[in-house]
Each structure stands twice: as C-alpha cells, then as structure tokens.
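Trainee: next come a sequence and a model predicted from it.
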Amino acid sequence: MAIVTQPASADPGQEPSLLHPGLLACIATAALAGLLFGFDTAVISGTTESLRSQYGLSDVWLGVTVSSALWGTLVGALGAGIPGDRYGSRNTLRVLALFYVAGGLGCGLAWSWESLVFFRVIAGLAVGGSSVLAPVYIAEISPPAKRGRLVASFQFMVIFGILAAYLSNAIIASAGLGTEDWRWKFGVSAVPALIFLLLLLRIPNSPRWLVARGRLAEAVRALAQVGIDPVRAERQAEEIGATLAVRTERATLSWRRHRKPILLAIMVAGFNQLSGINALLYYLNDIFAHAGGRLSPDVQAVIIGAVNAIFTAVGMALIDRVGRRTLLLVGSIGMATCLIVAGFAMGHILPGWLVLPALIGFIAFFAPSTGAVIWVYISEVFPTSVRGRGSAVGASTHWGLDAVIAATFPAVAAISVSLPFFVFAAMMLVQFIVVLTYFPETKGVSLEEMERNLGVTRD
C-alpha cells in the first residue's frame with residue numbers, strides 16, 4: 001500500500017487532536033476489528049467440553065476443531081495484503097466484516113461438525129485479514145508522535161474482545177440453555193460484526209492510499225475529515241505525493257531490498273505466539289479445571305481477561321514513552337519466570353492454586369510488552385510502498401504458528417501438563433536475547449527515517 005506518514009518536517013503542534021471527532025471515528029471503527037478478532041479467537045475456550053461431547057472428539061480432533069479457525073486466519077493474513085494495496089484497507093475491511101457476520105451466524109446454526117469447522121474457517125479469514133489491514137489503516141491516518149498508542153488501541157480492543165468472549169461465555173453458561181449453549185456462544189458475535197460493517201460505511205479511505213492512487217481531491221477531503229486544516233490538508237496531500245519515490249503498481253516486496261523489515265516482522269510475530277498466549281487462552285478453562293481451585297474455570301477465565309485488558313492499557317500508555325524494545329525486554333524475563341512457576345504448579349511440584357496467580361503475572365507482563373508491541377511494530381517497519389504486503393508477512397507468521405500450537409497443545413499436554421509451559425518459558429528467554437542484539441527502537445521515528453535506518457535499498 002503506497003502510503004506514507006506525515007513528512008518528518010511537519011510541525012507536531014499542528015497535528016490533529018486525538019479528540020477530533022473524525023479521527024476518533026476512524027480509529028474506533030478500525031479498532032473494532034480488534035474486538036471481533038479477540039472475541040472470535042477466544043470464544044472457543046468456553047465451548048471445548050460441549051463440542052467434545054456433542055461430536056465425540058478425541059484430544060487430537062479437539063485440537064483440529066480449535067485450530068480450524070486459525071488456518072483460516074493464516075490464509076486471510078496471507079491474502080489480505082494484495083487487495084488491501086489495490087482496493088484500500090477500508091474497502092477490504094468492509095468485505096471482511098461480511099465474513100465476520102457469516103462466520104458468527106454459521107457457527108451458531110451449524111448442522112454438523114463439518115459445517116461448524118467451515119464457518120470457523122470463514123470467521124478465521126476475517127480475523128486474519130483484519131489483523132493485517134486494521135493496524136495498517138490506523139498507522140496510515142495517525143500523527144507520528146501518537147502512532148504507537150493509536151495502533152496499540154487495536155491490540156487493546158483485541159484484549160477487550162477476549163474479555164467480552166469470557167464474560168459472554170460465563171453469562172450464557174449460567175442461563176440454563178442446555179447442552180447446545182455453545183451455539184449461542186458463537187452466534188452472538190454476529191451482532192458486533194454487523195455494527196462494524198455499518199460503521200465502515202461512514203469513514204474515509206486512507207488519505208495516503210488516495211494520494212497514491214492519484215485521487216488528490218478525495219485525499220484532501222479525507223485529511224480534513226480527520227482534523228487537518230483545509231489549507232494545510234491540500235499542502236500535506238501534495239507533500240505526501242512528492243514523497244512517493246516508487247510507483248505503487250511497480251512496488252514489490254523482496255528479500256534483497258527488505259530483508260531486515262521482513263526478519264523483524266517474522267520475529268516479533270513469531271515470539272508473540274511462542275509465548276504460548278493464544279494456546280493458553282484457547283484452553284484456559286481446561287487448564288483451570290486441571291489445576292483445581294475454589295473458583296470455577298469460567299470465573300478464573302474472566303479474571304485473566306480483566307487483567308489482560310488492564311495491562312494492555314498500561315502498554316498503550318508506555319509504548320510511546322518507554323519504547324517498543326524496552327517493553328519487549330522487560331516482558332520477556334517476566335513471562336519466562338511466570339511460565340516456569342505455572343509449569344511447576346500444573347505438575348503439582350508447587351501447589352495447584354499458584355496456577356491462577358502465575359498466569360495473572362504472565363498476562364501482566366505479556367500485555368504491555370509483546371501484546372502491545374506486535375501490531376505496532378509490524379505496521380511501521382516496512383516502507384510505505386509495500387506496507388500492506390509486509391504486514392501480511394508478519395500477520396501470517398503469527399497465525400501460522402498460532403494454528404500449529406493450538407492444534408498440538410492438547411496432545412502435548414496429554415504427555416505432560418507442565419511441558420508446554422516450560423517450552424514457552426524457554427522461547428521467552430530466546431526472545432530476550434534476540435531483541436537485545438537485533439531489534440532497533442522505533443519510538444518517535446518517522447516512517448521515512450525508519451526506512452533509512454533499516455537499510456532498505458532501492459531498485
């Protein structure tokens with residue numbers, strides 16, 4: 001997507017206010033994709049036992065069922081960059097909103113295991129595609145000094161969606177709907193999906209994308225809509241056009257030119273999943289059922305979701321102050337420590353009640369570090385001409401590993417309930433070393449300057 005940030009020379013004092021209604025509407029609408037992302041991926045945690053009973057699933061087939069949506073997310077993430085570059089992130093998100101609606105309704109009305117898996121894949125396509133394009137859209141319209149926290153708002157909504165899924169599961173489970181209450185747990189996601197679709201009809205295309213497409217007048221109107229003074233909007237649109245060093249139609253993502261951004265995107269996304277975050281969230285009820293305790297698995301899951309939301313907000317407050325790299329370093333050590341404690345508690349070497357506080361600690365370190373950083377980092381390290389396709393590389397790495405880990409988690413845990421926790425802890429120690437030695441800090445750096453810092457070459 002040939003889009004660029006505001007020129008590095010732009011006066012920060014002239015940046016639009018975060019309270020401007022137009023900018024707020026754009027950010028909130030794109031971030032709503034994060035809520036659907038979180039809800040659709042986490043809702044499965046409250047249905048595993050019902051699905052196991054309904055369809056007679058073994059550990060292996062339960063893993064296949066849980067991971068089915070994730071293979072859809074992988075395809076969605078891989079395929080989102082090209083239509084996003086060609087038709088714009090906003091327009092492509094409208095199509096994905098329809099997929100969200102269809103996925104929620106289809107799972108709720110599923111007539112067989114095969115149909116359930118099919119509609120989970122449809123929902124997964126929407127999750128994967130929006131995980132690429134929603135952060136890209138936010139990055140495109142954000143003032144540089146506020147880009148980190150605004151893109152991180154997408155991750156906050158992901159976490160809010162996870163919490164909403166846990167709360168929804170707990171409420172539906174207590175409503176006495178019988179053995180097929182799992183249908184309602186899946187089906188309710190169609191409501192926010194429909195709201196998302198309607199809101200997308202009211203926000204503009206990215207001004208940067210419009211300039212890249214030669215639609216200068218529309219770009220000026222879009223800039224004015226997000227809070228730029230009309231006179232300055234026209235001047236800024238011309239400046240954006242002047243910075244487009246390569247034509248969109250000829251821009252290609254290549255290993256030779258973009259090696260370091262590609263590696264950074266793959267690593268930040270890969271370590272995000274190698275922390276074990278999504279596998280733990282998908283099987284949270286099963287983990288707590290094994291660990292025991294006075295609280296029900298549903299209630300403990302809600303506690304985890306609430307902690308996740310609180311500390312993601314902490315990450316949003318820190319990401320443009322402390323920086324991406326520092327958050328990753330601190331989070332790596334904290335997560336590794338908490339995962340080791342959880343592993344010993346799951347194996348009853350330590351008391352089982354320690355599982356809940358250990359996982360609370362894990363989330364408290366994950367959320368403001370790799371949880372807050374991943375989508376920000378992926379959306380900002382690539383040059384403007386290939387940002388959509390570059391973001392797809394990072395997102396597809398995230399979802400590919402997510403699918404593999406989610407599919408294999410039940411089988412590995414059946415061998416040793418502690419083993420997954422120790423593997424995830426080891427990966428966080430590796431992340432600490434890699435970030436310390438290889439990752440640059442991107443806090444406050446304009447997208448053009450970042451391109452130079454990362455050594456991107458031109459054909």
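Mentor: That came through, no problem.
Trainee: does Leu329 touch Leu436 like I think?
Mentor: Yes - between Leu329 and Leu436 there is a contact at 6.3 Å, judged by Cβ atoms under 8 Å. Placement of C-beta: from N, CA and C, glycine included.
Trainee: between these two, who's got more neighbours?
Mentor: Legend: neighbour count by other Cβ atoms under 10 Å for Leu329 and Leu436, higher for Leu329 (18 against 12).
Trainee: and that one, what does it touch?
Mentor: Phe432, Val435, Leu436 (Cβ atoms under 8 Å, 6 or more residues apart in numbering).
Trainee: element containing it?
Mentor: Element membership of Leu329 [criterion: DSSP states H and E] is helix 324-346.
Trainee: so which bits of that helix are buried?
Mentor: 324-332, 334-346 (16 or more other Cβ atoms under 10 Å).
Trainee: so how far is Ala77 from Phe118?
Mentor: Phe118 sits 19 Å away from Ala77, taking Cβ to Cβ, to the nearest Å as the criterion.
Trainee: who's more crowded, these two?
Mentor: Neighbour count, other Cβ under 10 Å: between Phe118 and Ala77, Ala77 has more, with 29 against 16.
Trainee: please tell me how far the more buried one sits from Leu350.
Mentor: Taking Cβ to Cβ, one finds Ala77 at 38 Å from Leu350.
Trainee: quick one: the helices in the stretch 101-250 of the chain?
Mentor: Secondary structure of the stretch 101-250 of the chain (DSSP state H, counting those that start in this stretch): helices at 113-141, 147-173, 181-187, 190-200, 207-212, 216-225, 230-242.
Trainee: please compute how far the first one lies from its chain's middle.
Mentor: If I follow you right, that is helix 113-141. 10 Å (Cα atoms, centre = their mean, to the nearest Å).
Trainee: what does the fourth one give?
Mentor: Its chain's average C-alpha position is 18 Å from that of helix 190-200, according to Cα atoms, centre = their mean.
Trainee: which strands or helices does that helix pack on?
Mentor: Judged by 3 or more Cβ pairs under 8 Å, 6 or more residues apart in numbering; DSSP states H and E, the packing partners of helix 190-200 are helix 21-42, helix 89-108.
Trainee: quick check: which of these is nearest to Val314?
Mentor: Of all these, helix 21-42 sits nearest to Val314, with 16.9 Å by Cβ to Cβ.
Trainee: between helix 113-141 and the closest one, find me the angle.
Mentor: Between helix 21-42 and helix 113-141, the angle comes out at 150 degrees (axes from the mean of the first three to the mean of the last three Cα atoms, to 10 degrees).
Trainee: which elements pack onto helix 21-42?
Mentor: Identification of packing neighbours for helix 21-42 by 3+ Cβ pairs under 8 Å, 6+ apart yields helix 59-87, helix 89-108, helix 113-141, helix 147-173, helix 190-200, helix 277-282.
Trainee: output those in JSON lines; the columns should cover mean pLDDT.
Mentor: Formatted as JSON lines, these follow (pLDDT from 0 to 100):
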{"stretch": "helix 59-87", "mean pLDDT": "81"}
{"stretch": "helix 89-108", "mean pLDDT": "92"}
{"stretch": "helix 113-141", "mean pLDDT": "88"}
{"stretch": "helix 147-173", "mean pLDDT": "82"}
{"stretch": "helix 190-200", "mean pLDDT": "93"}
{"stretch": "helix 277-282", "mean pLDDT": "78"}
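Trainee: identify each buried residue in stretch 140-154, please.
Mentor: Buried residues in stretch 140-154, counting neighbours by 16+ other Cβ under 10 Å, are found at 140-144, 146-154.
Trainee: please read the previous query as pertaining to stretch 110-119.
Mentor: Ala110, Trp113, Leu116, Val117, Phe118, Phe119.
Trainee: do stretch 396-412 as well
Mentor: Of the residues in stretch 396-412, 396-407, 409-410, 412 count as buried by neighbour count, 16+ other Cβ under 10 Å.
Trainee: cool, stretch 28-42 as well?
Mentor: Buried, per 16+ other Cβ under 10 Å, within stretch 28-42: 29-42.
Trainee: got it, and stretch 351-365?
Mentor: So stretch 351-365, judged by 16+ other Cβ under 10 Å, has buried residues Leu354, Val355, Leu356, Ala358, Leu359, Ile360, Gly361, Phe362, Ile363, Ala364, Phe365.
Trainee: in helices, which of those fall?
Mentor: Judged by DSSP state H, helices contain the following of these: Val355, Leu356, Ala358, Leu359, Ile360, Gly361, Phe362, Ile363, Ala364, Phe365.
Trainee: I'd like these as TSV, with pLDDT and distance to Leu125 appended.
Mentor: Shown next, in TSV, are these (pLDDT from 0 to 100; distance: Cβ to Cβ, whole Å):
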residue	pLDDT	distance to Leu125
Val355	83	34
Leu356	83	34
Ala358	91	35
Leu359	88	30
Ile360	89	33
Gly361	92	34
Phe362	93	30
Ile363	90	28
Ala364	91	32
Phe365	94	31
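Trainee: just the residues you listed now: which is nearest Leu274?
Mentor: The shortest gap between Leu274 and any of these belongs to Phe362, at 13.4 Å (Cβ to Cβ).
Trainee: any low-confidence regions in the stretch 351-459 of the chain?
Mentor: By pLDDT under 70, the weakly predicted segments of the stretch 351-459 of the chain are 384-385, 444-459.
Trainee: so where do the strands sit in it?
Mentor: Read by DSSP state E, counting those that start in this stretch, the stretch 351-459 of the chain holds no strands at all.
Trainee: about what we covered before: can you name the two of the buried residues of stretch 110-119 that are farthest apart?
Mentor: The widest separation within the buried residues of stretch 110-119 (Cβ to Cβ) is 11.3 Å, between Trp113 and Phe119.
Trainee: tell me the contacts of Ala69?
Mentor: Asp40, Thr41, Ile44, Arg120, Val121, Ala123, Gly124, Val127.
Trainee: do Gly88 as well
Mentor: Going by Cβ under 8 Å, 6+ apart, Gly88 touches Met1, Asn205, Ser206, Trp209, Leu210.
Trainee: repeat that with 10 Å
Mentor: Contact partners of Gly88, counting by Cβ atoms under 10 Å, 6 or more residues apart in numbering, are 1, 3, 94, 133, 137, 140, 204-206, 208-210, 212-213, 388.
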